[in-house]
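Asks: Here is my input; please provide its structure:
(one chain, ligands or ions: 1)
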Amino acid sequence: MAEKTSDTIGSRAPSELDIEAARWFFQNTDDVFLVLEGSLITRINPAWTALAGWSEPESVGRAIEDFLHPDDGQSVQQVVEDLAKDGQAVAEHRLAHRGGSWLWVKARAKRGATIQSTIVVLKDVTAEHEEAEASETAHRTSELLRNAAGIFTWKFNPDTGIYLVDADLPAQTTPGGPGSRVLSADQMGAEIHKDDRADMWTAFATTLATGEPQTIEYRHQVEGKPMARLRAAWRGLRRLDSGKWEILGITQDVTEAAEARDAAREGERAAQAAAEAKSQFLANMSHEIRTPMNGVLGVLHLLKGEKLSDDGRRLLEEAVGCGQMLAELLNDVIDFSKVEAGHLELHPEPVEAGVLLGSVADLLRPQAESRGLWLRAVAAPDLGWVDVDPVRLRQILFNLIGNAVKFTLEGGVEVRLSHKNARLRIEVQDTGVGISEAAQAGLFQRFHQADGSTTRRFGGSGLGLAITRRLAELMGGEVGFSSQAGSGSTFWVELAAPRVAGRAVSEAPTEGLLDGLSVLVVDDNATNRLIATRMLENLGAQVQTAEDGAEALAAAAQVGFDLIFMDIQMPVMDGIEATRLIRALPAPLGDTPIVAMTANALAHQVKAYLAAGMNASVAKPLSPTMLISAIAKLANGTTDEMIDGAGANAA
Ligand code: ADP
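Replies: Have a look, this model is predicted:
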């Protein structure tokens, strides 16, 4: 503009007014004007001082080079050459600010009236330079991110539907400008695995509506290239002009990490499946062994009632002892598998803890005394009733007191029971062999024994403490011990057991309990039939038997039994089906109380039996005590409970 103006003026003689206007313009414009003679500054306008900070006395008479950056010599030299050749020149270079910093200026120079004089107009372009520099830095940074970490930056503009990528995404084929390319939303969609597209669009839509940041992992696919796994993170940027959201994001190639993670997860799943299969196998095997084992034990119990020689009786006692040990071991394995698989369910109820401890101690005392040991049970006087699973509490006590007796050669065992802050604390202290420091670490792990030789010396499976710990944890508690080799051990357990109101104990009459009652026993296993029959007969009942559900149904339809004991798994017709059909018989035949006899006594299974119309359920192996309590509960109308034989077994 300035040049054009001066040219126009140059075409005729300037008037007074022209000169006045030019002078006014020179003084008041924001453009910086300089007049040089050779390289000396002879005139400046106020805009120069405003821009560079130098006053007139500081500027006029000095060489222009004094104000230029030493590194810009080449561009200044070019100006001199262009001026000589064309009479004008344009260049960008740095100008010293009086404050010490450098400004970028665009200079236009024109030869003046004499060959030595030059008019220079300067424009401040510092802001543009800084912006270009910043964008260059950003570009370098993204290049670095891309090369070093596989990270790409991009921007999405919803108005144009265009996706601006700072650089090619991996495996892409159509590069745009240098280090960037433009991709339509459709193209972008086509490169996302079809199963990930919906999630991606939902996340995009959320940010476009609210600006909320999102992170998403997806599969990126381009024909002919291997699939990449990308992780994209983005946030909204509100546009100043339209107020709409744009998206600024980064995308990282995480293929390697994602594949490693998938492989690890797969491995974990496989390991878990293998562990579950092992646990299940162990449980199944033990269960299969337990069934005939119960037969053996049941028959031995019945044999006790027969006439035997003294020798025969001694042998029988031995057989019963060994059988009980084996049964205990099987129960341990099954329990442990159940706990491992998370299948063990608790059934808390009001329990008089001191009485329960007394009964466990009474059962173990003969064993202790036969080895010359004393066994004392001390329950705090204020103990009273607490809410706890009695079967599992008894099991914990059996394990700990049993161990204490087993690992004590002289002296004895004291068991203390107390209650504080809704927790029951058990302490079992013995004067036994103790546990060496080296052996203490893994003591609560399964199959762990302090000393391999103890297996031979004391027997045992190394499962007891592992089960005790799992049970305690399940019951909201913990276990621990202190011990010294040679001077005894103290094991303790704390369980969540809030106080509750007591329950009146009904004294069930046992003798002649079933006098004159007619009972049907249904079981496909002959030994089980024999055992149940003999136990019930001993209680005074008249017993008939059936071998499967169909036989049971036929019998029940003819004879009005007072009570039916029904196995669950049987050939021809199972116990559940038989129960349903019996319930469909006309009254009173259809109303006969039915008790399930089963080794499958998990809570949900018992629920299914009750749902089929059974009134109660007893767990195999049967014992006279269990049969009696089942019948007593039926008589009391408490029918919805499982009568479990675990405690009785352990004895
Ligand atoms: P088991 O008694 O069947 O071998 P446990 O899990 O109950 O298995 O116990 C593991 C090991 O801990 C035992 O073999 C024994 O070495 C040690 N142990 C447990 N209780 C005591 C105790 N009261 N005194 C000494 N050692 C004990």
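
Asks: Run through the protein and note the low-pLDDT ranges.
Replies: Low-confidence segments of the chain, defined by pLDDT under 70: 1-12, 160-183, 283, 341-343, 446-462, 502-511, 600-604, 621, 625, 636-651.

Asks: could you measure the nearest residue to Gln542 once chain neighbours are set aside against Asp71, distance?
Replies: The shortest distance from Gln542 to any non-neighbouring residue, by CB to CB, 6 or more residues apart in numbering, is to Ser518 (4.9 Å). C-beta: built from backbone N, CA, C; applies to glycine. Taking CB to CB, to the nearest Å as the measure, Ser518 falls 117 Å from Asp71.

Asks: Looking at those two, which is more packed in?
Replies: Neighbours per residue (other CB atoms under 10 Å) separate Ser518 from Asp71, with Ser518 holding more: 14 against 9.

Asks: in terms of contact, does that one touch Asp562 like I think?
Replies: Yes. At 5.5 Å, Ser518 counts as touching Asp562 under the criterion of CB atoms under 8 Å.

Asks: who touches both of these two?
Replies: Applying CB atoms under 8 Å, 6 or more residues apart in numbering, one finds that no residue jointly contacts Ser518 and Asp562.

Asks: Where do the helices of the stretch 101-250 of the chain begin and end?
Replies: 126-149, 185-190, 194-210 (DSSP state H, counting those that start in this stretch).

Asks: any idea whether the residue lying closest to Thr118 once chain neighbours are set aside is helix, strand or coil?
Replies: Excluding its sequence neighbours, the residue lying closest to Thr118 (CB to CB, 6+ apart) is Leu36, at 4.5 Å. Three-state assignment for Leu36 (DSSP: H, G, I helix; E, B strand; the rest coil): strand.

Asks: I figured Leu36 hits Ile64, correct?
Replies: Yes. Assessed by CB under 8 Å, Leu36 is found in contact with Ile64 at 5.9 Å.

Asks: what do these two both touch?
Replies: Common contact partners of Leu36 and Ile64 (CB under 8 Å, 6+ apart): Val120.

Asks: what about Met285, which helix or strand?
Replies: Using DSSP states H and E, the secondary-structure element containing Met285 is helix 255-304.

Asks: what distance separates that helix from the centre of its chain?
Replies: 23 Å (CA atoms, centre = their mean, to the nearest Å).

Asks: Kindly report the same for stretch 53-68.
Replies: Its chain's C-alpha centre and that of stretch 53-68 lie 73 Å apart, by CA atoms, centre = their mean.

Asks: buried stuff in that stretch?
Replies: Trp54, Ser59, Ile64, Phe67, Leu68 (16 or more other CB atoms under 10 Å).

Asks: Kindly report the same for stretch 298-309.
Replies: Quick answer for stretch 298-309 (16+ other CB under 10 Å): Gly298, Leu300, His301.

Asks: cool, and stretch 93-109?
Replies: With burial defined by 16+ other CB under 10 Å, the residues of stretch 93-109 counted as buried are His93, Arg94, Leu95, Ala96, Leu103, Trp104, Val105, Ala107, Arg108, Ala109.

Asks: Same check on stretch 566-585?
Replies: Met566, Asp567, Ile568, Met570, Met573, Asp574, Gly575, Ile576, Ala578, Thr579, Leu581, Ile582.

Asks: now, among those, which is nearest to Ser279?
Replies: The nearest member of those to Ser279, counting by CB to CB, is Ile568 at 22.6 Å.

Asks: I figured that closest one hits Tyr609, correct?
Replies: Yes. Contact criterion CB under 8 Å: Ile568 and Tyr609 qualify, at 7.1 Å.

Asks: so what's in contact with those two at the same time?
Replies: By CB under 8 Å, 6+ apart, Ile568 and Tyr609 have these common neighbours: Gly575, Ile576, Ala596, Thr598.

Asks: And the helices in the stretch 451-600 of the chain?
Replies: For the stretch 451-600 of the chain, the helices defined by DSSP H, counting those that start in this stretch occupy 452-458, 464-474, 526-538, 549-558, 575-583.

Asks: Widest-spaced pair of the shared contacts of Ile568 and Tyr609?
Replies: When CB to CB is used, the two most widely separated members of those are Ile576 and Thr598, lying 10.3 Å apart.

Asks: hey, what's in contact with both of these two?
Replies: Shared contacts of Ile576 and Thr598 (CB under 8 Å, 6+ apart): Ile568, Tyr609.

Asks: So what sits opposite the closest residue to Glu217 other than its chain neighbours in the bridge?
Replies: Closest residue in space to Glu217, ignoring its immediate chain neighbours: Arg231 at 4.7 Å, by CB to CB, 6+ apart. Beta-bridge pairing of Arg231 under DSSP bridges involves Glu217, Gln252.
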